[in-house]
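1. Structure of the sequence below:
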Amino acid sequence: MNYTSFIGKIIKKPKRQFVDNDIPITKITAKFPQLREIKGSRNIITISIWGNLAIDYMEYFGVNDYIVVEGYISLRDPISTNVTTKKDKQVELSVFRIYPFLLKK
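-> Coordinates of the predicted model:
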């Protein structure tokens, strides 16, 4: 299983979508801290929050807040590909639980 937990900083405004049967999905971009910079490492991932948790997220959290997330990691094909860049997989985290760590409000 790919169940993990992270502390991350929200770096972009969230995007809300609705799928079949009006299930809300909130997608956010978060940056995870590193002790040192490693060439070629990626510490920015997409986080998907589903259902009622997605609605609660929009009410309580914002950009530059730190959150603790628990969920499942999956690898997806990149949304956009350039001819000049190599095609790597994009990491996505589907959230099971979310907690405030440091809020900037």
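
2. where along this structure do the strands fall?
-> 3-10, 15-19, 23-31, 44-50, 66-76, 90-102 (DSSP state E).

3. CSV please, covering those strands and showing mean neighbour count.
-> For glycine as for every other residue, the C-beta is placed from the backbone atoms N, C-alpha and C. Formatted as CSV, the strands of the chain follow (neighbours: other Cβ atoms under 10 Å):
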stretch, mean neighbour count
strand 3-10, 16
strand 15-19, 11
strand 23-31, 18
strand 44-50, 19
strand 66-76, 16
strand 90-102, 15
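
4. Thought Ala30 was touching Ile49, still the case?
-> No. The criterion here is Cβ atoms under 8 Å, and Ile49 misses it with Ala30 at 11.0 Å.

5. Mind listing the shared neighbours of these two?
-> With Cβ atoms under 8 Å, 6 or more residues apart in numbering applied, the contact sets of Ile49 and Ala30 do not overlap.

6. next one: stretch 37-55 to chain centre, how far?
-> Here the centre of stretch 37-55 is set off from its chain's centre by 2 Å, with Cα atoms, centre = their mean, to the nearest Å.
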